[in-house]
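Engineer: Prediction below, plus the sequence it came from.
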Amino acid sequence: MSDIRAALSRALQSATGRPPRAAEVDVLAAQVSLETAHGSAMYNYNFGGIKGASPEGATARYLTHEVTTGGSITLEQGFRAYSSLDAGARDYVAVMQARFPQALTRAGSGDVDGFAHALKQAHYYTASEQQYASGLRSAYGGAPPAQGASIATAAAAGPVGEFSSSDALSRVLEAIASSSARIAAPDPQT
């Protein structure tokens, strides 16, 4: 995970022209950890299951499970593929800036719950906000919400230790992963 954090730091510095705040890197690293099973499912340096072709033009095809109103279906879909960890990190940050700027702002202040809320509002994931925020907090290290975070948001998210076992957390992560296959699908308007 230290390589991922370092690549995120470099990508944020390149994108913003300033050294990133530690809390900003922490929140984004928590999301990458959640979305990639702590890096073990980070295929082709894709930080967040971003669909389509990378800026380099590369795509990798994988079977994914999509949750629809009719249930769960399996599809083969194309995901962005990168030549290096840094290329994947740069594109991840670029996608966050372009498609999820409110979430990135919340990450900048270390607000895990606000980050989860902003992503939910932007239709980044289909899991419940409570489950996603709890998964992020677990990946973040169980840190409390950032100062100034909405009390209602923090209360709705529930206690940090709400998973009674690793199996319970695994079920949540699987539900998030199955719904996140559509994350950052190419915007038809761009």
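Structural biologist: It's in.
Engineer: Can you tell me which residue is spatially central in the chain?
Structural biologist: Nearest to the mean C-alpha position of the chain, by Cα atoms, centre = their mean, lies residue 31 at 3.7 Å.
Engineer: any idea which element that one lies in?
Structural biologist: In this structure, residue 31 sits in helix 22-35 according to DSSP states H and E.
Engineer: Give me the average confidence score over that helix.
Structural biologist: Across helix 22-35, the average pLDDT comes to 95.
Engineer: I'd like the next helix or strand past it.
Structural biologist: strand 59-68.
Engineer: quick one: average pLDDT of stretch 123-141?
Structural biologist: 89.
Engineer: correction: stretch 5-15
Structural biologist: Rounded mean pLDDT across stretch 5-15 is 97.
Engineer: What of stretch 101-117?
Structural biologist: 96.
Engineer: chain center to it, what's the gap?
Structural biologist: 11 Å (Cα atoms, centre = their mean, to the nearest Å).
Engineer: Same question for stretch 104-122.
Structural biologist: Taking the mean of its C-alpha atoms, stretch 104-122 sits 10 Å from the chain's own mean (Cα atoms, centre = their mean).
Engineer: For that stretch, output the C-alpha coordinates as PDB.
Structural biologist: C-alpha atoms of stretch 104-122 as PDB (Å, rounded to 0.1, in the frame of the first residue of the first chain):
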ATOM      1  CA  LEU A 104     -12.200  15.200  -4.000                       C
ATOM      2  CA  THR A 105     -12.700  18.400  -2.000                       C
ATOM      3  CA  ARG A 106     -14.000  16.300   1.000                       C
ATOM      4  CA  ALA A 107     -11.000  14.000   0.700                       C
ATOM      5  CA  GLY A 108      -8.800  17.100   0.800                       C
ATOM      6  CA  SER A 109     -10.100  17.900   4.300                       C
ATOM      7  CA  GLY A 110      -9.800  14.300   5.400                       C
ATOM      8  CA  ASP A 111     -13.600  13.900   5.700                       C
ATOM      9  CA  VAL A 112     -14.200  10.200   5.000                       C
ATOM     10  CA  ASP A 113     -18.000  10.400   5.600                       C
ATOM     11  CA  GLY A 114     -18.300  13.500   3.400                       C
ATOM     12  CA  PHE A 115     -16.200  11.800   0.700                       C
ATOM     13  CA  ALA A 116     -18.600   8.800   0.800                       C
ATOM     14  CA  HIS A 117     -21.600  11.100   0.700                       C
ATOM     15  CA  ALA A 118     -20.300  13.100  -2.300                       C
ATOM     16  CA  LEU A 119     -19.500   9.900  -4.200                       C
ATOM     17  CA  LYS A 120     -23.000   8.600  -3.500                       C
ATOM     18  CA  GLN A 121     -24.600  11.800  -4.700                       C
ATOM     19  CA  ALA A 122     -22.600  11.500  -7.900                       C
END
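Engineer: I'm done for today, thanks for sticking with me.
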